[in-house]
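>>> I would like the atomic coordinates for the input below:
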Amino acid sequence: MTQHVKHPAHFDNDATAAVNERLTIHDCEVAWEAQRWVSGERGPLVKNLDTLAGADSTNYATEAVRIDAPH
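Okay, the predicted model is just below:
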């Protein structure tokens with residue numbers, strides 16, 4: 001298989017997953033919604049900076065992208 005340069009957003013080796021190594025969105029509404037997903041599911045808004053610093057927003061990012069994907 002040919003080796004290709006990996007961009008920050010790319011496909012995995014068998015193209016079954018879209019990989020985003022780093023994504024920064026400077027939008028207050030996006031950040032506020034992401035603060036509702038610190039448990040992995042949408043919930044109450046979290047404002048504690050220590051909690052947010054350790055939060056995994058993968059589920060939020062996945063759901064945000066899936067909303068626009070055709071079903």
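
>>> In this structure, where is pLDDT below threshold?
Within the chain, the stretches with pLDDT under 70 are 1.

>>> Let's check: the centremost residue of it is which one?
Taking Cα atoms, centre = their mean as the criterion, Ala61 is the residue nearest the geometric centre of the chain, at 2.8 Å.

>>> quick check, that residue in a strand?
No: counting by DSSP: H, G, I helix; E, B strand; the rest coil, Ala61 is located in no strand; its state is helix.

>>> who touches the closest residue in space to it that isn't next to it in sequence in this structure?
Once flanking residues are discounted, Ala61 sits nearest to Leu23: 6.9 Å by Cβ to Cβ, 6 or more residues apart in numbering. Where you see a C-beta, it was placed from the backbone N, CA and C, and this is true even at glycine. Leu23 is in contact with Pro8, Ala9, Ala61, counting by Cβ atoms under 8 Å, 6 or more residues apart in numbering.

>>> ranges for the helices of the chain?
28-34, 49-53, 58-67 (DSSP state H).

>>> Make TSV out of those and add distance to Thr16.
Formatted as TSV, the helices of the chain follow (distance: least, Cβ to Cβ, whole Å):
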stretch	distance to Thr16
helix 28-34	25
helix 49-53	31
helix 58-67	14
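
>>> Go through those helices and name the closest to Ala15.
helix 58-67 (16.0 Å; Cβ to Cβ).

>>> which residues are contacting that closest one?
Outside helix 58-67, the residues that reach it (Cβ under 8 Å, 6+ apart) are Ala18, Asn20, Leu23, Val30, Glu33, Ala34, Arg36, Trp37, Gly40, Glu41, Arg42.

>>> which of the residues in it are buried?
Neighbour-count burial for helix 58-67 flags Tyr60, Ala61 (criterion: 16 or more other Cβ atoms under 10 Å).

>>> What of stretch 24-42?
Buried positions in stretch 24-42, judged by neighbour count with 16+ other Cβ under 10 Å: Glu33, Ala34, Gln35, Trp37, Val38.

>>> ok, these vs Lys47, which is closest?
Comparing the buried residues of stretch 24-42 against Lys47 with Cβ to Cβ places Gln35 closest, at 7.0 Å.
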